[in-house]
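Asker: turn this into a structure:
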Amino acid sequence: MNIPLRTLIIEDEPLAAQRLEKLLEPYSDKVEVVGFARNGQQGLEQIAALNPDFIFLDIEMPLLNGLEMLMKLEKQPLVVFTTAYDEYALQSFEQNSIDYLLKPIQPARLQKSIEKVLKISGVNQSNGLQTEQIERILADLHKPKTLNVIRANVGDRIVIIKTPDIQYFKAEDKMTTVVTTEGKEYYITPSLSVLEPKLPENFVQINRSHIVNEDHVVEIRKSFNRKLLFEMKDKERISVGTTFANSLKERWAL
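Answerer: Reported below is the predicted structural model:
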C-alpha cells in the first residue's frame, strides 16, 4: 500500500468523527482521511466509491453495525474498531491484523494503532475477519451487558465514574452530560439511546433528554397540569415526558 493510507471514518456520532479527524492531523503524512460515513450502509457505499486502504469503524451504528457491514464486504480494508465499551472482549478483534480503540480515544493509544496499521500495510498477509469469527463476535455483542462504569475524557485524563455514583444523564447540544452525586458534570460521547439498554435496572429514561438513577430520586411531585416532576439529590427537577408517563406510573405504582 502507498503512504499516506487512504482512510475512511465510519462513525454515527458527528462529534466523535470530528474529534478523531482532529487527532489524526499529526499523522497527515501517514494517513489521509478521504471520507466519512454515518452508518454501516453508508460505509458500504463509501468503501465501494473510495476504495480506502484503512477504515476506523464504529461497532454500534444504526441500519448496519460495524460487524454486520464487514460481513457484506468481499474484500476488507485494514480495520481499527472504535467503541465506548470494553466489555465486548475486544481483544479478540486483534486477530488477523485488526486493532481496536476505546472511546474517548486517547492520542497515545491512537499512535500505537497507526503504527500497527502501517507495519501491517507493508507486508503481504490476510487482514480480514472470517465469517465464522464475525458471527461469533456478533453473538457475544447481542448478549445482555450492564455498564458498571462510565469513562469521561477530561483534557489528557480519563475519569472513571461508577454508575452508582451517577444521578442522571442529560442530552443537550448533541452531547451527553453525566451528573454525579457530588454535583460534578462530565461530557461523554454515547447518546442516551446507546446508553439506555446497557445501564443497570435502576436507571430509567423519563423524557427524551434524561435518564435518571432511581436511587437518587429524592421526591416525585405532581405539577399543576398533572405532570410528574422528579426531584434529584442536587435539587434538579426533571419533568416526565408524556410518552414515558404511563410506564413510569406502572413502575412506581403512582
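
Asker: where does pLDDT dip in the stretch 51-200 of the chain?
Answerer: 85-98, 122-145 (pLDDT under 70).

Asker: where do the strands sit along it?
Answerer: Counting by DSSP state E, counting those that start in this stretch, the stretch 51-200 of the chain has strands at residues 54-58, 78-83, 99-102, 149-154, 157-162, 166-172, 175-180, 185-188.

Asker: what lines up beside the last one in the sheet?
Answerer: Same thing as strand 185-188. If you go by DSSP bridges, strand 185-188 pairs up with strand 175-180 (antiparallel).

Asker: contacts for the strand it pairs with, please.
Answerer: Contact with strand 175-180 is made by 15, 150, 152, 161, 165-171, 185-192, 195, 232, 234, 236, as judged by C-beta atoms under 8 Å, 6 or more residues apart in numbering. Using the backbone N, CA and C atoms, a C-beta is placed for each residue, glycine as well.

Asker: next one: stretch 16-29
Answerer: Under C-beta under 8 Å, 6+ apart, the answer for stretch 16-29 is 3-4, 7, 9, 11, 31, 33, 36, 56, 58, 82, 103-105, 107, 110-111, 114, 189.

Asker: in PyMOL, select just the buried ones from these.
Answerer: Entered in PyMOL, the line below selects the buried ones among the contacts of stretch 16-29, by 16 or more other C-beta atoms under 10 Å:
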select buried, resi 4+7+9+11+31+33+36+56+58+82+103+104+105+110+114+189
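
Asker: take the contacts of stretch 16-29 and keep only those in helices.
Answerer: 107, 110, 111, 114 (DSSP state H).

Asker: I'd like those as CSV, with distance to residue 72 appended.
Answerer: Output for the ones in helices among the contacts of stretch 16-29, formatted as CSV (distance: C-beta to C-beta, whole Å):
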residue, distance to residue 72
107, 32
110, 27
111, 31
114, 26
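
Asker: ok, those residues vs residue 65, which is closest?
Answerer: Checking the ones in helices among the contacts of stretch 16-29 against residue 65 with C-beta to C-beta, the nearest one is residue 110 at 21.9 Å.

Asker: just give the nearest non-adjacent residue to that closest one, would you?
Answerer: Once flanking residues are discounted, residue 110 sits nearest to residue 23: 5.6 Å by C-beta to C-beta, 6 or more residues apart in numbering.
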